[in-house]
Structure formats: structure tokens, C-alpha cells
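Trainee: With the sequence up front, the predicted model follows.
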Amino acid sequence: VPVDLSMVIAEAVDRSRLPAEVKTIDLRVGGDLPRRVHGDPDQLTMAFRNLIDNAVRYSPEDTRVGIGLSSRDGIVQVTITDQGIGIAPENQERIFERFYRVDPARSRSTGGTGLGLSIVKHVVSNHGGEVALWSQPGRGSTFTVRLPELEEGLDDLSGLGYEDFTHDDAAL
Ligand code: ATP
Ligand code: MG
């Protein structure tokens, strides 16, 4: 079904408002008009929740987490940027693996199972998109999600092989 990504992101951000407030992290969404993609709103919400949850979780107090939404050449781009602990180059591929956590001892206090990013990667690739990561230890991280944008007038995509995404409760 057509999914408004700005609504998905607003919902995902809501989940992190309280944790961000507790750490006085300035959590902000900026960007474009509504951007639509084709897919499963629940899965997409879960994926963005993970990314935003990570950004807040792996950041110290009094920093900023920004979420940006833009579109170019038929691709919607969502960036989640933090000023957190960052990820060393040698770990940047592995964090997308199931159960992989950079520092289980230190991050025990921050909870988590190490599944979040593997789910993000699956959901995004199931939607025909990709996830990219820029990060520098001690400076922060930016996760970029790119998804094919749904063009105007393409609401009815039945018969194009998108049926797998259709939920009874997911109709928007
Ligand atoms: P959960 O399953 O609850 O999401 P998790 O957050 O540990 O647990 P992932 O979301 O898959 O698991 O992240 C894997 C690891 O990547 C984290 O344990 C952390 O070490 C690192 N990581 C993820 N996002 C960030 C980030 N924004 N800044 C720094 N490190 C990060
Ligand atoms: Mg996580």
C-alpha cells in the first residue's frame, strides 16, 4: 500500500521523545513535504524506530539527533544523524549482522539484543531500498535510508507483485 514516510517517521520519533528528553537530547525532524513509498507501514515504522532509538541510545546528554527527509530523482532519502559515540570503521559492516553489538560489556547497561539493525536492513531491502552508514568514533553517526519514491497516480499497484506487503490492517 502507499505509505506516507513523513507519517511513519513522526510515529517512530514519538517513541523516542521521552528517552531523548531524559538525556536532554534535542530530537528534531526536518525536511520535505509528505513523501510516499510503497510498502508495509508497520515494518517501516519498526525500522525507523530502531534507527532513532539507536541514535538516542548511543549518544551522550546534551547532544542533537536530527532526522531529515528529502527526495531526488525518484528516490526518497531519510537521514538519521547523531553526535554520539560513533562506530569504528572495522565495525561498520558487522553492526548490520544479527546479534552483533560493538561492545557487549559496555552496552549491557544500554540494553538491546543486537537485532535492530539486521531488521532495518531486511525491511529496507524488502522495500527495494538500501541503508548507508557514515560514522566517526567520538563524533557521531549518520544512517541514510534510500527508498524508491511512489509517483503520483500510481496508487493502484495491484498486479505488479507488491501483494506481499498488503495487510488488512495496513491500509492507509
Ligand atoms: P536492539 O536489538 O535493541 O536494537 P542494539 O541496539 O544493540 O539492540 P542494533 O540496533 O542492531 O542492536 O545495533 C548494533 C550495534 O551497533 C549496537 O550495539 C551499537 O554497538 C552499534 N550502534 C548502532 N547504532 C549506533 C549509533 N547510532 N551510534 C553508535 N553505535 C551504534
Ligand atoms: Mg538498536
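Mentor: Here it is on my side, so go on. Ligands and ions are numbered 1, 2, ... in the order given.
Trainee: Quick check: residues of this protein near ligand 2?
Mentor: 54, 116 (Cβ under 5 Å from the ion). Just so you know, the C-beta spots here come from the backbone N, C-alpha and C atoms, and that holds for glycine as well.
Trainee: Model confidence for the one residue in the chain that gets nearest to ligand 2, exactly?
Mentor: Of all residues in the chain, Gly116 sits closest to ligand 2, at 2.9 Å by Cβ to the ion. Looking at Gly116, its pLDDT is 93.
Trainee: Quick check, it in contact with Ile52.
Mentor: No: applying Cβ atoms under 8 Å, one finds Gly116 not in contact with Ile52, separated by 10.5 Å.
Trainee: Please say which of these two ends up with more neighbours.
Mentor: With neighbours defined as other Cβ atoms under 10 Å, Gly116 and Ile52 compare such that Ile52 has more, 26 against 21.
Trainee: Return the residues in contact with that one.
Mentor: By Cβ atoms under 8 Å, 6 or more residues apart in numbering, the contact list for Ile52 reads 12-13, 15-16, 27, 65, 67, 80.
Trainee: one more time with 6 Å
Mentor: 12-13, 16 (Cβ atoms under 6 Å, 6 or more residues apart in numbering).
Trainee: Can I have the buried ones of those residues as a PyMOL selection?
Mentor: Buried subset of the contacts of Ile52, written as a PyMOL selection, criterion 16 or more other Cβ atoms under 10 Å:
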select buried, resi 12+13+16
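Trainee: Among the contacts of Ile52, which one sits closest to ligand 1?
Mentor: Ser16 (11.8 Å; Cβ to the nearest ligand atom).
Trainee: From Arg49, how far off is that closest one?
Mentor: 8 Å (Cβ to Cβ, to the nearest Å).
Trainee: Lovely, talk soon.
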